[in-house]
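Asker: from the sequence below, what's the structure:
(one chain, ligands or ions: 1)
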Amino acid sequence: MGKLLRGISKNAKFVICDTTDIVARAKDIHECAPTTLDAFGRMLTAGVMMASYLKGSELMTLKTESDGPLKAITVTADAAGAVKGFASDPGADLPRLEDGRYNVPALVGNGYLRVMKDLGLKEPYVGISELVSGGIAKDLAYYYFTSEQTPTVISVSVHLSPEGAVLAAGGYLVQLLPGAEESFITALEQKIDAILEITELLEGGMSLRDIAELLYDDMGSEPKKRVEDFEILEEKSIEYRCNCSRERFRKGLAALGKTELRKIFLEEKEEKLEVVCQFCKTKYYYKADDFKTFLED
Ligand SMILES: [Zn+2]
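Answerer: Here you go, the predicted structure:
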């Protein structure tokens, strides 16, 4: 189980999360190469944080489409803390950079980021912005600034061992509220430049509350003071979870229509049809019996 914490202060709202278990689960399901896992883990982390502002059955989908070896990543998250996704080419990999990091920007390349929110309205909300760095975090900050006019600091990181095992993953998202004071913005910018990556903080044993304290800690003050007080609004478990089911896929196949199903089962005499969920790799098998009403006259 991962963890997520959400809070607010006079000038900003924030989300902090530990997605170590989520990224490890994604690696197991999709058998990702390390560089893809780094990019995918960042997307899963961003998705679960962005979705923490949804309500009820609302859903959020993030999708990158780009010209690098990664091609595309899709991540879907909901208000309950479930997140899932898939990479179009999980085996895509690149040599590591000299400093040991995985070369996520080169794996992503140039392209677009799509943010889709299904808020239960007739049409989903779709925002599109250009990928500006390929590192995911800056791309999302750019998206928030251009599409939602919200100044945002977002950090997402994945720490993998040289063998590609997930050591830690997590992120934080800080968004300025309308009319945020200049002094708060300056303090926040200095703080972000000064602190370690969240994976290092988590590996150092810090809790999400400790990290919230660190973000709001007034660096110059002795004894320690906060830049401003904050309130924790929510603390919850998050996990990699797929809600697919046999019935859901059966309905999907039924949407192929009578002619197509007759062709498969009656003309081509297929004994069974296999469907694999792209999010969790569960396999479902269907026989002609499952579509009786379509195959009988
Ligand atoms: Zn599934």
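Asker: count residues in the vicinity of residue 236, would you?
Answerer: Neighbour count for residue 236, taken as other C-beta atoms under 10 Å: 14. Every residue, glycine included, has its C-beta placed from N, CA and C.
Asker: residues contacting residue 175?
Answerer: Residues in contact with residue 175 (C-beta atoms under 8 Å, 6 or more residues apart in numbering) are 12-14, 144, 150-153.
Asker: 10 Å instead?
Answerer: 8, 12-15, 53, 141, 144, 148, 150-154 (C-beta atoms under 10 Å, 6 or more residues apart in numbering).
Asker: got CSV for those residues, with distance to residue 227 and neighbour count too?
Answerer: Shown next, in CSV, are the contacts of residue 175 (distance: C-beta to C-beta, whole Å; neighbours: other C-beta atoms under 10 Å):
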residue, distance to residue 227, neighbour count
8, 14, 14
12, 10, 23
13, 15, 17
14, 12, 23
15, 18, 24
53, 23, 15
141, 20, 20
144, 21, 21
148, 24, 14
150, 20, 15
151, 16, 17
152, 18, 17
153, 14, 20
154, 19, 24
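Asker: save those residues as JSON lines, and put in pLDDT and secondary structure too.
Answerer: Below are the contacts of residue 175 laid out as JSON lines (pLDDT from 0 to 100; DSSP: H, G, I helix; E, B strand; the rest coil):
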{"residue": "8", "pLDDT": "98", "secondary structure": "strand"}
{"residue": "12", "pLDDT": "97", "secondary structure": "strand"}
{"residue": "13", "pLDDT": "97", "secondary structure": "strand"}
{"residue": "14", "pLDDT": "98", "secondary structure": "strand"}
{"residue": "15", "pLDDT": "98", "secondary structure": "strand"}
{"residue": "53", "pLDDT": "95", "secondary structure": "helix"}
{"residue": "141", "pLDDT": "92", "secondary structure": "helix"}
{"residue": "144", "pLDDT": "92", "secondary structure": "helix"}
{"residue": "148", "pLDDT": "88", "secondary structure": "coil"}
{"residue": "150", "pLDDT": "90", "secondary structure": "coil"}
{"residue": "151", "pLDDT": "91", "secondary structure": "coil"}
{"residue": "152", "pLDDT": "92", "secondary structure": "strand"}
{"residue": "153", "pLDDT": "92", "secondary structure": "strand"}
{"residue": "154", "pLDDT": "93", "secondary structure": "strand"}
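Asker: that's a helix at residue 115, yeah?
Answerer: No. Applying DSSP: H, G, I helix; E, B strand; the rest coil, one finds residue 115 to be strand, outside a helix.
Asker: that one reaches residue 77, doesn't it?
Answerer: No. Using C-beta atoms under 10 Å, residue 115 makes no contact with residue 77, being 11.3 Å away.
Asker: out of the contacts of residue 175, what pair is the most spread apart?
Answerer: Within the contacts of residue 175, two members stand farthest from each other by C-beta to C-beta: 8 and 141, at 19.2 Å.
Asker: report the contact partners of the residue most central in space within the chain.
Answerer: Nearest residue to the geometric centre of the chain (C-alpha atoms, centre = their mean): residue 44, 2.3 Å. Counting by C-beta under 10 Å, 6+ apart, residue 44 touches 2, 19, 22-23, 25-26, 37, 62, 73, 75-77, 83-85, 156, 158, 169, 171, 238, 240.
Asker: ok, then the element right after the helix or strand harbouring it?
Answerer: In this assignment (DSSP states H and E), residue 44 forms part of helix 34-50. Heading C-terminal from helix 34-50, the first helix or strand you meet, by DSSP H and E, is strand 59-66.
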